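Trainee: Need a 3D model of the sequence below.
(one chain, ligands or ions: 2)
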Amino acid sequence: MGSSCESNNNRIPVIEFQNNDLIPIGSHIWHKVKDQVYLALENYGCFEASFDAIPSELKSATLSGIEQLFNLPLETKLKNTSKQPYHGYIGQHPMMPLYESMGFDDANILERVETIAHQFWPQGNPSFCKNIQSLSEKLSELDKIIRRMALESLGLNKYIDEHMESTNYLLRVMKYAAPQTNHSQLGLSAHTDKNIVTILCGNQVNGLQVQTKDGEWIEVNPEPDHFVVIIGDPLLAWTNGRLHSPKHRVMMTGNDARYSAALFSVPKAGYVIKAPEELVDEEHPMLFKPYDHVEFMKFYYSEVGQRAEYSLKNYCGIDAV
Ligand SMILES: O=C(O)CCC(=O)C(=O)O
Ligand SMILES: [Fe+2]
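Mentor: Ligands and ions are numbered 1, 2, ... in the order given. Modelled structure (predicted):
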């Protein structure tokens with residue numbers, strides 16, 4: 001029982017989620033964890049989470065499956081295409097030679113995972129599919145707890161259902177090849193996330209770094225059975241800047257490859273992201289015009305969008321006078 005939240009200058013906050021203790025929603029422990037979540041999201045936009053609803057065997061079996069997937073020949077991996085831009089296979093990028101990734105749209109739904117996995121393993125791979133689906137489903141429960149806590153903290157309970165119904169889940173699996181050097185090499189360039197919430201789990205090869213509000217880069221080296229939760233730009237926009245969406249990147253050293261999986265809650269097409277009127281006043285003028293995520297992503301992947309330092313601001317930011 002119990003919970004803890006620690007943070008110091010070079011570590012992001014750590015929050016314990018004990019699934020059984022959190023039920024019923026509204027219990028003493030729920031409120032205690034909720035306050036820790038809000039504080040972490042306001043100050044860092046991220047935290048490390050322990051979540052006992054996910055057995056460590058599920059996490060390790062999923063990560064070994066991901067390793068197996070990336071070991072397939074390139075022509076097989078290239079079969080992972082998706083209707084959504086950049087949800088399929090990405091790799092062999094001259095600026096990020098260590099990075100490869102693949103997306104599983106609607107990864108919390110078994111049939112959807114099986115359809116994608118069939119592209120790589122026509123004979124089927126039931127344990128891979130079950131693990132990906134099961135991990136995604138459990139992480140989606142954590143995603144919902146976090147979003148519920150954030151909205152409750154802002155006194156915006158009436159928007160909770162709308163929020164939960166406005167997203168789909170995408171699991172992106174990643175490999176960062178070993179750079180074979182002790183000089184730090186870029187794994188993934190600095191960015192803010194373009195979805196609502198990201199929950200990351202990786203193998204024991206670290207490399208993730210996040211930027212604090214003061215501009216300092218800190219390493220995120222989570223405990224083996226912990227997850228890393230990061231807020232994306234749409235939640236910053238929806239909360240009119242109350243929550244932070246931190247820049248983060250992956251830097252690699254050494255002789256071991258990093259494997260990771262990220263569950264993203266992605267706004268559905270047609271859902272307009274707009275700060276509720278309760279969060280807009282004289283002291284907090286509206287920061288972003290209402291926008292559709294899918295339309296924004298078209299801009300983000302355009303040449304201008306890719307060059308922008310802060311693409312969401314560039315797309316629909318309102319300069320406060
Ligand atoms: O692999 C990681 O740890 C980071 C991945 C990430 O930031 C992303 O996919 O948006
Ligand atoms: Fe990210």
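Trainee: so residue 270 makes contact with residue 292?
Mentor: Yes: taking C-beta atoms under 8 Å as the definition, residue 270 is a contact partner of residue 292 at 6.6 Å. (C-beta placed from N, C-alpha, C; glycine too.)
Trainee: More neighbours: those two, which one.
Mentor: residue 292 (16 against 10; other C-beta atoms under 10 Å).
Trainee: Now do whichever residue of the stretch 1-150 of the chain sits closest to ligand 1: how many residues are near it, please.
Mentor: Residue nearest to ligand 1 within the stretch 1-150 of the chain: residue 101 (6.9 Å; C-beta to the nearest ligand atom). Residues within reach of residue 101, counting by other C-beta under 10 Å, total 23.
Trainee: what's the following helix or strand after the one helix or strand it maps to?
Mentor: Using DSSP states H and E, residue 101 falls within strand 99-105. Using DSSP H and E, the helix or strand that directly follows strand 99-105 along the chain is helix 110-120.
Trainee: tilt between the helix or strand following that next one and helix 110-120?
Mentor: Remark: after helix 110-120, the chain's next helix or strand is helix 126-153, criterion DSSP H and E. Calculated by axes from the mean of the first three to the mean of the last three C-alpha atoms, to 10 degrees, helix 126-153 forms an angle of 130 degrees with helix 110-120.
Trainee: circling back to that earlier point, could you pull up the residues touching the residue of the stretch 1-150 of the chain closest to ligand 1?
Mentor: By C-beta atoms under 8 Å, 6 or more residues apart in numbering, the contact set of residue 101 is 89, 90, 91, 172, 173, 174, 175.
Trainee: how near is the spatially closest residue to residue 206 that is not a sequence neighbour to residue 231?
Mentor: Closest residue to residue 206 apart from its sequence neighbours, by C-beta to C-beta, 6 or more residues apart in numbering: residue 221 at 4.5 Å. Residue 221 is 20 Å from residue 231, where distance means C-beta to C-beta, to the nearest Å.
Trainee: coming back round to it: quick one: which of the contacts of residue 101 sit in strands?
Mentor: The strands, defined by DSSP state E, take in 172, 173, 174, 175 from those.
Trainee: isn't the second one right up against residue 68?
Mentor: In other words, residue 173. No: using C-beta under 8 Å, residue 173 makes no contact with residue 68, being 10.9 Å away.
Trainee: which of those two has more neighbours?
Mentor: Between residue 173 and residue 68, counted using other C-beta under 10 Å, the more crowded position is residue 173 (22 against 13).
Trainee: So for that one, what's the pLDDT?
Mentor: For residue 173, the model assigns a pLDDT of 97.
Trainee: list the contacts for it?
Mentor: 66, 69, 70, 101, 102, 104, 132, 259, 260, 261, 262.
Trainee: try residue 116
Mentor: Residue 116 makes contact with 80, 104, 105, according to C-beta under 8 Å, 6+ apart.
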